[in-house]
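1. need coordinates for the following:
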Amino acid sequence: MPNPTSRPRAWLLKSCPFCLKLRIALHEMGLDDRFDFVLFDHGDDTEADLRRRRSAARTKLGYRAA
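-> Numbering: from 1, shown residues only. Alright, predicted model coming up:
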């Protein structure tokens, strides 16, 4: 059973227009306070951390899903 106090984390590329649209849509629906947004750029430490997490879970980091 999921922890009721945990919030979903959205990993968003700073230069991605679709990620921006997602944030705007969540804000307009009043849902943005339910998410933890993690913004990253290509090649920074946050992206490296995301790649490490994905490789540990054996899922491929590919094209954007948002």
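2. how about the residue nearest the centre of the chain, secondary structure?
-> Central residue of the chain (Cα atoms, centre = their mean): W11, 1.5 Å from the mean position. For W11, the assignment made with DSSP: H, G, I helix; E, B strand; the rest coil gives strand.
3. who does it bridge with?
-> Taking DSSP bridges as the rule, W11 bridges to V38.
4. hang on, isn't it packed against V38?
-> Yes: W11 lies in contact with V38 (Cβ atoms under 8 Å); the separation is 5.0 Å. In short, each C-beta sits where N, CA and C put it, glycine included.
5. what residues do those two have in common as contacts?
-> L50 (Cβ atoms under 8 Å, 6 or more residues apart in numbering).
6. how far does the worst-scoring helix or strand of the chain on mean pLDDT sit from its chain's centre?
-> When each helix and strand of the chain is scored by mean pLDDT, DSSP states H and E, helix 45-56 comes last, with a mean of 81. Mean-position distance between helix 45-56 and its chain equals 12 Å (Cα atoms, centre = their mean, to the nearest Å).
7. what about dumping the CA coordinates of it to PDB?
-> C-alpha atoms of helix 45-56 as PDB (Å, rounded to 0.1, in the frame of the first residue of the first chain):
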ATOM      1  CA  ASP A  45      24.100  16.200 -11.900                       C
ATOM      2  CA  THR A  46      20.300  15.700 -11.600                       C
ATOM      3  CA  GLU A  47      20.100  14.000 -15.000                       C
ATOM      4  CA  ALA A  48      23.000  11.800 -14.000                       C
ATOM      5  CA  ASP A  49      21.100  10.900 -10.800                       C
ATOM      6  CA  LEU A  50      18.000  10.100 -12.900                       C
ATOM      7  CA  ARG A  51      20.000   7.900 -15.200                       C
ATOM      8  CA  ARG A  52      21.500   6.000 -12.200                       C
ATOM      9  CA  ARG A  53      18.000   5.500 -10.700                       C
ATOM     10  CA  ARG A  54      16.700   4.200 -14.000                       C
ATOM     11  CA  SER A  55      19.600   1.900 -14.600                       C
ATOM     12  CA  ALA A  56      19.200   0.500 -11.100                       C
END
